[in-house]
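A.B. asks: Give me a model of this one.
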Amino acid sequence: MDTLVIRTATLEDAKTLEKIGKATKEVTMVEGRTLGLKYFEVVIEYGFVLVAEIDKKIVGFLLSEIYDLTKLSVLTYLVVKPEYRNYKIGTKLMDSYLKELKKRKIKLVSLFAPKSNKKSLNFYEKAGFKKDKEYVLFFKDL
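C.D. replies: Predicted coordinates:
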């Protein structure tokens, strides 16, 4: 594998991130809805987004929202293109993310992962995340 670069996303990356997300079907909200370009643009501008590049081609990304006032970050999506999995790209994105959170003095990270995706659950557990036994995700259409 060529050299991997982890960098902060720019607004110019938004279309590529949306395309990767839709192609991998991993950027899906509850009830199978997908996220649009505007979402990526807003999170890049106001949240914290990292991209993983090989030969200047984006092969994965991590999206999060950071709430400096409450010292909380919500990891929204971590996606690596299927053909680039098993090269520790997700681990490198996560390590860069957690390093940035420590610099910002963030105290808690939360995330949601589908119960059916055992690889994701194992990945997050290996990264030191714990499953919550008390809370259930609720949503309501408006």
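A.B. asks: give the contact list for residue 11.
C.D. replies: Counting by CB atoms under 8 Å, 6 or more residues apart in numbering, residue 11 touches 41, 44-45. Just so you know, the C-beta spots here come from the backbone N, C-alpha and C atoms, and that holds for glycine as well.
A.B. asks: what pairs with the closest residue to residue 111 other than its chain neighbours across the strands?
C.D. replies: Counting by CB to CB, 6 or more residues apart in numbering, residue 111 lies nearest to residue 75, which is 4.0 Å off, once chain neighbours are set aside. Per DSSP bridges, the residues bridged to residue 75 are residue 64, residue 111.
A.B. asks: again, but for residue 53
C.D. replies: Judged by DSSP bridges, the bridge partners of residue 53 are residue 5, residue 58.
A.B. asks: So which elements touch the lengthiest helix in the chain?
C.D. replies: Secondary structure of the chain read by DSSP state H shows that its longest helix is helix 89-103. Packed against helix 89-103 by the contact rule (3 or more CB pairs under 8 Å, 6 or more residues apart in numbering; DSSP states H and E) you find strand 4-8, strand 48-54, strand 57-67, strand 72-80.
A.B. asks: With distance to residue 125 and mean neighbour count added, can I get these in TSV?
C.D. replies: Putting the helices and strands packed on helix 89-103 into TSV (distance: least, CB to CB, whole Å; neighbours: other CB atoms under 10 Å) gives the following:
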stretch	distance to residue 125	mean neighbour count
strand 4-8	22	15
strand 48-54	21	21
strand 57-67	17	20
strand 72-80	14	21
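A.B. asks: among these, which is nearest residue 17?
C.D. replies: Residue 17 lies closest to strand 57-67 among the helices and strands packed on helix 89-103, at 5.2 Å (CB to CB).
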